[in-house]
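# give me a model of this one.
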Amino acid sequence: MNPTPTSAQSPSDHVDPVALDATDATASAKIRPGRSRRSGRRANASMIIGAGLVVLIVGLALISFVWTPYDPTTIDPAARLQSGSLTHPFGTDTFGRDTLTWVMVGARITLLVGVVAVGIALLIGTPIGIISAFFAKQPWGMWIDAVIMRANDILLAFPALLLAIIFAAVYSPGTGPAMVAVGIAAIPGFARVARSGTLQVLGSEYVRAARASNRRIPAIAVVHVLPNIAGMVIVQASVAFAISVLAEAGLSFLGLGTQAPTPSWGRMLQESQQYLSTHPELALWPGVFIALAVLGFNLLGDGLRDRFDPKMEARGA
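Numbering: from 1, shown residues only. Model prediction:
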């Protein structure tokens with residue numbers, strides 16, 4: 001006989017575990033969209049702010065090709081070390097050159113170094129990572145993958161500054177050697193990202209089906225791998241661009257990058273050192289635009305990462 005329910009345990013007090021699980025799942029389903037929306041709003045905010053800052057820097061560089069307040073090479077000793085005014089909004093430097101003009105023209109060099117350095121790293125590092133991943137999936141090629149990755153680690157130990165010093169000793173300091181040094185230093189990052197993404201793609205069902213149908217490895221890499229790791233590579237490019245901006249400014253500050261009389265934000269900082277106590281605005285404006293450029297590309301990279309990686313939205317962090 002079934003026991004008669006007592007006042008301590010009535011039928012209405014009985015809790016069905018299956019129903020409880022269903023209730024929890026329903027509650028979680030109601031919570032997740034809100035978290036996802038909040039995460040999406042944060043991602044969109046990062047992307048919008050980052051894209052806005054990047055557009056500002058690119059706009060300054062493009063405008064400088066057709067118009068600047070003054071000729072960047074014009075020297076006016078009578079107007080040296082002036083504070084901000086209607087005629088010189090950002091003031092003038094030690095040679096009487098307009099600081100706003102130099103900031104605008106200096107944006108060209110910043111973007112040029114970033115584009116060339118990231119291009120070098122992307123075009124060399126991405127194929128290296130893909131090739132290494134293909135070898136890692138072969139029993140006979142694991143040692144080749146290990147050799148490639150250890151060489152990649154060795155290259156990672158050489159910072160852009162050390163490479164720039166080597167190039168400056170072999171050739172001469174300038175924008176070209178600085179771009180190559182920054183680009184070579186960024187190769188390991190692209191190689192690691194491309195290898196990680198390729199390993200994930202190679203484990204998918206459609207790649208296995210392509211291999212079963214005797215598709216060649218180059219065709220699999222172009223048709224299946226590259227489109228699926230493009231998002232990861234774009235995010236890495238945005239982050240590498242921010243690093244390139246800092247590296248170019250640092251190399252120019254040390255005299256290993258862009259040389260006079262070409263405007264450069266790093267050299268503007270270097271020339272302002274002796275006037276920091278009396279005219280801090282000389283270092284303020286190039287420093288502000290370096291920070292804006294780095295912040296813009298980093299925020300853009302964060303927003304793109306959240307957009308391309310659906311797992312980030314699911315976390316709702």
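# so how far is stretch 81-97 off the chain centroid?
The gap between where stretch 81-97 is centred and where its chain is centred comes out at 33 Å by C-alpha atoms, centre = their mean, to the nearest Å.
# same check on stretch 275-289?
The answer for stretch 275-289 is 26 Å, by C-alpha atoms, centre = their mean.
# first-to-last residue distance for that stretch?
Using C-alpha to C-alpha, to the nearest Å, the end-to-end distance of stretch 275-289 comes out at 19 Å.
# how about it: buried residues?
Neighbour counts over stretch 275-289 (16 or more other C-beta atoms under 10 Å) mark 279, 281-287, 289 as buried. For the C-beta atoms, the positions are set from N, CA and C on the backbone; glycine is no exception.
# same question for stretch 196-212.
Of the residues in stretch 196-212, 197-199, 201-202, 207, 210 count as buried by neighbour count, 16+ other C-beta under 10 Å.
# hmm, back to that, which one of the buried residues of stretch 275-289 is nearest Leu122?
Leu122 has its nearest neighbour among the buried residues of stretch 275-289 in Phe289, at 24.7 Å by C-beta to C-beta.
# surely that closest one and Val105 touch.
No. Distance between Phe289 and Val105: 11.7 Å, which falls outside the contact criterion (C-beta atoms under 8 Å).
# distance of the spatially most central residue of the chain relative to Gly114?
Nearest to the geometric centre of the chain sits Val239, at 1.0 Å (C-alpha atoms, centre = their mean). Relative to Gly114, Val239 is positioned 11 Å away (C-beta to C-beta, to the nearest Å).
# just Leu161 next, same as before
As judged by C-beta to C-beta, Leu161 and Gly114 stand 17 Å apart.
# do Arg80 as well
When C-beta to C-beta is the yardstick, Arg80 and Gly114 sit 31 Å from each other.
# the two: who's more crowded?
Neighbour count, other C-beta atoms under 10 Å: between Arg80 and Gly114, Gly114 has more, with 25 against 15.
# in which helix or strand does the more buried one reside?
Following DSSP states H and E, the helix or strand that holds Gly114 is helix 99-136.
# for that helix, packing partners?
helix 17-66, helix 142-156, helix 175-202, helix 226-253, helix 265-271, helix 281-308 (3 or more C-beta pairs under 8 Å, 6 or more residues apart in numbering; DSSP states H and E).
# among these, which gets the worst mean confidence?
Mean pLDDT is lowest for helix 17-66 out of the helices and strands packed on helix 99-136, coming in at a mean of 69.
# helix, strand or coil: sort out Ser172 for me.
What DSSP: H, G, I helix; E, B strand; the rest coil gives for Ser172 is coil.
# could you measure from it over to Ala117?
Distance of Ser172 to Ala117, computed by C-beta to C-beta: 19 Å.
# wait, doesn't the residue nearest to the centre of the chain sit right on Phe297?
Yes. Assessed by C-beta under 8 Å, Val239 is found in contact with Phe297 at 7.2 Å.
# got the contact list for Met265?
Check again: residue 265 is Trp, not Met. Residues in contact with Trp265 (C-beta atoms under 8 Å, 6 or more residues apart in numbering) are 103, 106-107, 109-110, 249, 252, 286, 289-290.
# repeat the analysis, applying 6 Å as the threshold.
Each residue near Trp265 by C-beta atoms under 6 Å, 6 or more residues apart in numbering is listed here: 106, 249, 286, 290.
# just give me the neighbour total for the last one.
In other words, Ile290. Neighbourhood size, Ile290 [other C-beta under 10 Å]: 22.
# residues near the closest residue to Thr258 other than its chain neighbours, how many?
Nearest non-adjacent residue to Thr258, counting by C-beta to C-beta, 6 or more residues apart in numbering: Ser264, 3.8 Å away. Using other C-beta under 10 Å, Ser264 has 28 other residues around it.
# over to Val118?
Residues near Val118, counting by other C-beta under 10 Å, number 26.
# check it and give its pLDDT.
Per-residue pLDDT puts Val118 at 97.
# so for the helix holding Gly114, what gets flagged as buried?
By neighbour count on 16+ other C-beta under 10 Å, the buried set for helix 99-136 is 99-111, 113-114, 116-118, 120-122, 124-126, 128-136.
# quick one, that helix and helix 226-253 angle?
Orientation of helix 99-136 against helix 226-253 (axes from the mean of the first three to the mean of the last three C-alpha atoms, to 10 degrees) gives an angle of 140 degrees.
# now stretch 286-298: how far from the chain's centre is it?
Using C-alpha atoms, centre = their mean, the offset of stretch 286-298 from its chain centre is 12 Å.
# how about residues contacting it?
Contacts for stretch 286-298 (C-beta under 6 Å, 6+ apart): 50, 53-54, 57, 103, 238, 241-242, 245-246, 249, 265, 268-269.
# could you save the residues you listed as CSV and add columns showing distance to Gly303?
Listed next are those as CSV, based on distance: C-beta to C-beta, whole Å:
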residue, distance to Gly303
Gly50, 6
Leu53, 12
Val54, 11
Ile57, 16
Val103, 26
Ser238, 9
Phe241, 14
Ala242, 13
Val245, 18
Leu246, 20
Ala249, 24
Trp265, 24
Met268, 29
Leu269, 29
